[in-house]
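Visitor: What would the 3D arrangement of this be:
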Amino acid sequence: MGRDRGLSGDEKREAFANECADVLAHLLLLARSQGVDLPAAVEAKWLRCGTAPTTDTGFARQPH
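Guide: Sure thing, here's the model as predicted:
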């Protein structure tokens with residue numbers, strides 16, 4: 001995202017979304033190959049003590 005490369009704003013957002021999808025897919029594949037239960041890990045890390053993702057400011061993280 002640091003270089004313009006002559007792309008429009010919409011094209012940059014689409015390219016960024018595609019990169020995010022790639023990162024997420026690779027993370028899911030890695031977690032599965034290592035036997036990580038991602039829903040349980042997210043629950044333990046982010047959802048315990050009532051800490052939940054928010055839609056307006058990203059993830060609302062509480063101190064652990």
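Visitor: Can you name the helix or strand that the one residue sitting closest to the centre of the chain falls in?
Guide: Nearest residue to the geometric centre of the chain (C-alpha atoms, centre = their mean): L24, 6.4 Å. Per DSSP states H and E, L24 falls inside helix 9-33.
Visitor: got a list of contacts for the least confident helix or strand in the chain by mean pLDDT?
Guide: Least confident element among the helices and strands of the chain, by mean pLDDT, DSSP states H and E: helix 38-42 (a mean of 93). For helix 38-42, the surrounding residues in contact (C-beta atoms under 8 Å, 6 or more residues apart in numbering) are 28, 31. C-beta here means a position set from N, CA and C on the backbone, and glycine is covered the same way.
Visitor: Could you export that helix as PDB, CA atoms only?
Guide: Extracted in PDB, the C-alpha atoms of helix 38-42 (Å, rounded to 0.1, in the frame of the first residue of the first chain):
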ATOM      1  CA  LEU A  38      -8.800 -21.300  16.200                       C
ATOM      2  CA  PRO A  39     -12.300 -20.800  17.500                       C
ATOM      3  CA  ALA A  40     -11.200 -21.900  20.900                       C
ATOM      4  CA  ALA A  41      -8.000 -19.700  20.700                       C
ATOM      5  CA  VAL A  42     -10.100 -16.700  19.800                       C
END
